[in-house]
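K.L.:
Generate coordinates for the sequence data below:
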Amino acid sequence: MDTVYLSKLKKKARKEGAIIVYIDEAHFRQTPTLYRTWAPLHTQPKIPTKGVRNTQKLFGAVQLEGGRFIYKHQEEYFNYETYISFLEGDLLPAFSRTKHRIYLIQDNAGYHKKHETYEWFKSNRKYIEVFNLPPYFPELNAVERIWNYTRKNCTHNRYFETKEILCESLFSTFKDVQEYPDKIIGLLTPFF
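P.N.:
You can find the predicted model right below:
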């Protein structure tokens, strides 16, 4: 798996009729995060907090063409087993089309490069080809744009009493993105 050279990859994908999909993982904390907001002059907005360190983990993938987005709420830690489970159980069924491979673009998380993960990719090469982004360049991953959109529209400047309320807010935002992909198409245009 080589580091992806994006313009070459896009040309190759068009020629082959492949589907370009970006994949990423994210953590969303129950602890509130402050972001730019309006407030009366000389006053700082205050958001209550319980000091709870609850974190929700999510896998996400987005298809460049059309902005189709899928996600999976991950109860366990991220590792090669949970990653392969997302690939097999969610990504392949969502994006596979007859005679069209998936060009999967991923970052350099340690479990993406595990021997077991490579073996899975090798055995599924008929359906999926994987490309790694250069290390330390999250801005090259299209899913990062969706995570930022979610934080700005869903979690920043908000207090979540329980993890269930946080999850409900996250899933509602993701459902909205899935039903109305036009909301994120503008975020994906730099990747076309």
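K.L.:
from the chain's centre, how far out does the top strand by length along the chain sit?
P.N.:
Assignment by DSSP state E gives strand 19-29 as the longest strand of the chain. Centroid separation for strand 19-29 versus its chain: 2 Å, with C-alpha atoms, centre = their mean, to the nearest Å.
K.L.:
Same question for stretch 155-165.
P.N.:
With C-alpha atoms, centre = their mean as the basis, the mean position of stretch 155-165 lies at 20 Å from the chain mean.
K.L.:
thinking again about what came up before, what are the buried residues along the longest strand of the chain?
P.N.:
Judged by neighbour count (16 or more other C-beta atoms under 10 Å), strand 19-29 contains these buried residues: 19-26, 28. For the C-beta atoms, the positions are set from N, CA and C on the backbone; glycine is no exception.
K.L.:
between those, which is closest to Ala142?
P.N.:
Taking C-beta to C-beta as the measure, Ala142 lies nearest Tyr22 of the buried residues of strand 19-29, at 4.0 Å.
K.L.:
Hmm, Leu64 and that closest one touching each other?
P.N.:
Yes. Tyr22 is in contact with Leu64 according to C-beta atoms under 8 Å; the separation is 7.3 Å.
K.L.:
re the thing from before, state the mean pLDDT of the longest strand of the chain.
P.N.:
Mean per-residue pLDDT for strand 19-29: 92.
K.L.:
Quick one: list the elements packing against that strand.
P.N.:
The contact analysis (3 or more C-beta pairs under 8 Å, 6 or more residues apart in numbering; DSSP states H and E) places strand 19-29 against helix 6-16, strand 55-63, strand 102-106, helix 142-150.
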